[in-house]
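Novice: Any chance you could fold what I've pasted below:
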Amino acid sequence: MTFFAWALVALPAAAGLAGLMLRRREHAAWLGVGAPAAALVCAVAAGFANPVTAFALADFGSVRVFAALDLSPTAVAVAVASAAVSMLVQLYSVAYLRDDPRYVPFTAQVNLFCAAMLLVVAADDLVFLLIGWEVMGACSYLLIAHYANLPEAPGSAAKAFLVTRFGDVGFVLGVMVLGVSAGTFRVSEIGEVSSGVATASMLLILFGCVGKSAQFPLQVWLPPAMAGPTPVSALIHAATMVAAGAYVLARLLPVWPPELLIVVAIVAAVGMVGAGLCAFAATDVKGVLAWSTISQVGFMFAAVAVSAADTALFHLLAHAAFKALLFLTAGVVIHMAATDGSFRTTRLRPGSSPLAFWSMTIGLAAMVGLPPLGGFYSKEAVLGAASEAATAAGVVVFWAGVVGSIITAAYSARLWLLLFWRGGAEARHATPRPEAIGLWTLSIGTVGVGVLYFAGPLRLPALHLDLMALMLIASAGGLYLVGDSWWRDRARDPSRLLGRTRGLFAEGVYGDAVATSTARSAARVATGAARLLDEQLVDRTVVEGSARATVAAARWTEAGHRGGLVGYLRISVAGTLLVAVVAIGVSLWA
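Specialist: Numbers count the residues shown, from 1 in each chain. As a prediction, this is how the structure comes out:
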């Protein structure tokens with residue numbers, strides 16, 4: 001079974017590298033869909049034996065680095081989700097990018113991205129994991145910048161790359177501190193470390209995970225990343241890059257000092273509530289979905305904050321299904337309406353495309369948390385773990401989760417109403433077969449996550465009837481607020497409920513503007529400091545100083561050659577005496 005473990009990562013990686021050399025679209029399509037499909041088969045096969053395999057990469061004496069894979073049941077479940085979503089994204093892209101001249105490199109980059117995420121999922125060595133972590137960041141830059149003719153695409157890609165790299169500085173430092181102090185980088189072998197080391201290393205790693213998962217305060221890169229193709233958005237948001245941070249935090253949960261989890265709880269609370277309000281005020285389809293991702297990943301961080309790793313990963317799997325479904329359906333809707341996704345121009349009727357209508361409805365219902373869909377059970381599990389945790393983090397997470405559930409219902413209902421119930425063309429639009437297969441499969445998967453909750457490895461602790469009732473009441477409250485506003489204001493945008501703060505949240509609380517201003521100010525300060533250093537130290541001291549010293553030495557040498565014969569004799573005698581004195585002194589000292 002170790003073959004399947006290595007093939008899980010190697011097959012999409014090899015396909016990605018080979019795809020960069022292809023020229024024909026047909027070959028790229030087969031390789032693009034086939035590689036993640038093969039990885040999916042390997043993940044399922046490895047699930048029967050859960051292999052652990054490793055060999056040494058480097059030996060630093062007290063610490064060794066291993067190429068190690070550990071496909072535990074949890075890792076297998078996440079690997080299956082990542083490979084399945086990647087396969088469906090590749091299949092969807094065959095039709096979605098059918099006229100795109102850069103489709104061939106796109107498929108190669110998606111396969112590399114998939115391989116990097118699978119390495120993060122399966123790696124049992126933190127340094128080995130870092131390879132996938134960094135490759136994933138590089139691929140995200142290329143994929144977000146795919147539409148090079150869009151003015152905002154290159155800037156959005158650069159922003160995503162720089163913000164996540166900023167977080168990765170902390171992640172790398174945290175990994176080094178933890179591995180050196182523990183005497184090993186193997187996740188399965190890290191034992192107890194001193195409280196100071198645990199605090200420092202996990203805060204640094206948290207900073208990197210916050211960047212990768214677009215949580216507060218490094219969330220500014222994700223909404224602009226919507227400049228990339230819709231399949232890329234589905235891939236990044238559903239089961240790869242954005243989920244990677246929460247996954248790594250859950251795996252390292254045994255190392256976390258309990259008193260430090262309040263920091264994770266605060267990050268989660270800001271994400272669940274703050275990003276939810278931004279989603280409610282967003283002005284386009286993909287904007288709502290982008291902010292909703294930040295909010296839903298906040299629920300994963302919330303589960304980590306109350307030491308419920310299995311619950312965090314359960315919500316990760318549920319989110320992977322419904323968020324991929326929502327983004328791929330959004331791509332179909334935007335193409336049908338022939339707009340950029342703005343609510344001002346996107347107006348359809350349910351009959352325009354029954355498949356798109358029901359796919360969007362199922363995805364939004366799962367995100368709201370309506371039974372019997374997986375989102376209902378995963379959110380109930382998060383609130384249940386929070387209510388049972390006798391900690392400050394539990395209190396913060398619980399109430400933020402309740403408020404976040406109300407807001408989720410509100411922005412989901414608003415999106416559904418604005419898309420399908422404001423009038424528009426009733427003419428039917430045929431969905432291309434590759435896109436339709438993706439929507440059907442993900443719709444079944446979204447429903448299936450709830451079924452698997454009762455039937456197998458996704459089974460969590462018993463349901464809490466009181467929390468189930470609370471979840472339903474919270475969801476009903478959000479739905480009622482939006483429905484009542486819609487009815488009263490004659491189908492006007494329900495985001496008017498935010499009043500004067502609507503513009504604030506529509507702009508993401510100006511987080512992007514603040515980050516941009518801060519970065520520019522820091523760049524100006526750094527540029528001024530570099531200029532000062534160059535002018536004062538390098539130019540005046542090194543360059544000009546060495547020139548002055550050379551000129552002075554030349555003048556002294558010249559002066560020594562102007563003394564005539566008598567002067568030369570004096571210098572010779574003085575030099576001879578000096579050498580003699582030094583020689584005698586050295587001999588006496590010895």
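Novice: got the contact list for residue 438?
Specialist: With contact set as C-beta atoms under 8 Å, 6 or more residues apart in numbering, residue 438 has these partners: 88, 89, 91, 92, 328. Where you see a C-beta, it was placed from the backbone N, CA and C, and this is true even at glycine.
Novice: I figured the fourth one was touching residue 327, is that so?
Specialist: It refers to residue 92. No. Between residue 92 and residue 327 no contact is recorded; they are 9.6 Å apart, counting by C-beta atoms under 8 Å.
Novice: shared neighbours, the two?
Specialist: With C-beta under 8 Å, 6+ apart, residue 92 and residue 327 have common neighbours 231, 234.
Novice: Between the contacts of residue 438, which sits nearest residue 67?
Specialist: residue 89 (27.6 Å; C-beta to C-beta).
Novice: That closest one contacts residue 235, correct?
Specialist: Yes. Here residue 89 reaches residue 235: they are 4.9 Å apart, a contact under C-beta under 8 Å.
Novice: Pull up the overlap in contacts between the two.
Specialist: By C-beta under 8 Å, 6+ apart, the residues touching both residue 89 and residue 235 are 110, 324.
Novice: The residue nearest to residue 301 when sequence neighbours are not counted - how many residues pack around it?
Specialist: Using C-beta to C-beta, 6 or more residues apart in numbering and skipping the chain neighbours, the partner closest in space to residue 301 is residue 268 (3.8 Å). Other residues near residue 268 come to 33 when the count uses other C-beta atoms under 10 Å.
Novice: show me the contacts for residue 268.
Specialist: 215, 298, 299, 300, 301, 302, 304, 305, 396, 397, 400.
Novice: per-residue confidence averaged over whichever helix in the chain runs longest?
Specialist: Ranked by residue count under DSSP state H, the longest helix found in the chain is helix 152-182. Taken as a whole, helix 152-182 has a mean pLDDT of 92.
Novice: Tell me how far it lies from the chain's centre.
Specialist: Here the centre of helix 152-182 is set off from its chain's centre by 10 Å, with C-alpha atoms, centre = their mean, to the nearest Å.
Novice: Distance of residue 188 relative to residue 139?
Specialist: 27 Å (C-beta to C-beta, to the nearest Å).
Novice: So between these two, which is more surrounded?
Specialist: residue 139 (26 against 13).
Novice: Looks like that one contacts residue 112 (just checking).
Specialist: Yes. Using C-beta under 8 Å, residue 139 is in contact with residue 112, at 5.2 Å.
Novice: any weak-confidence spans in this protein?
Specialist: Along the chain, segments meeting pLDDT under 70 span 345-347, 351, 423-428, 454-462, 559-566, 590.
Novice: could you pull out the strands for it?
Specialist: When assigned using DSSP state E, the strands of the chain occupy the ranges 52-59, 64-70.
Novice: where exactly do the helices run in the stretch 151-300 of the chain?
Specialist: In the stretch 151-300 of the chain, the segments counted as helices under DSSP state H, counting those that start in this stretch are 152-182, 195-212, 230-238, 241-251, 261-269, 276-281, 285-305.
Novice: One more: the stretch 401-550 of the chain?
Specialist: According to DSSP H, counting those that start in this stretch, the helices that the stretch 401-550 of the chain contains are 433-455, 465-488, 502-506, 511-532, 545-560.
Novice: Let me see the domain layout of this protein.
Specialist: The record's domain split for the chain, according to automatic domain parsing, is 257-509, 518-552+564-589.
Novice: Would you mind putting the ones you listed into CSV with distance to residue 162 alongside?
Specialist: Below are the domains of the chain laid out as CSV (distance: least, C-beta to C-beta, whole Å):
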stretch, distance to residue 162
domain 257-509, 17
domain 518-552+564-589, 8
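Novice: Tell me which of the ones you listed is the most buried.
Specialist: Of all the domains of the chain, domain 257-509 has the most neighbours on average by mean count of other C-beta atoms under 10 Å, namely a mean of 21.
Novice: check contacts around residue 34.
Specialist: Residue 34 is in contact with residue 15, counting by C-beta under 8 Å, 6+ apart.
Novice: Pull up the gap between it and residue 19, please.
Specialist: 11 Å.
Novice: okay, now the nearest residue to residue 51 once chain neighbours are set aside: neighbour count?
Specialist: In space, and not counting its chain neighbours, residue 51 is closest to residue 1: 4.2 Å by C-beta to C-beta, 6+ apart. Counted by other C-beta under 10 Å, the residues lying close to residue 1 total 15.
Novice: Touching, residue 366 and residue 317? I think so.
Specialist: No. Assessed by C-beta under 8 Å, residue 366 is found out of contact with residue 317, at 11.6 Å.
Novice: Name the residues contacting each of those two.
Specialist: 374, 449.
Novice: how close does residue 267 sit to residue 447?
Specialist: On the measure of C-beta to C-beta, residue 267 and residue 447 end up 31 Å apart.
Novice: How about residue 26?
Specialist: Residue 26 is 34 Å from residue 447, by C-beta to C-beta.
Novice: And residue 16, by the same measure?
Specialist: Taken as C-beta to C-beta, the span from residue 16 to residue 447 is 32 Å.
Novice: what do you get for residue 288?
Specialist: 22 Å.
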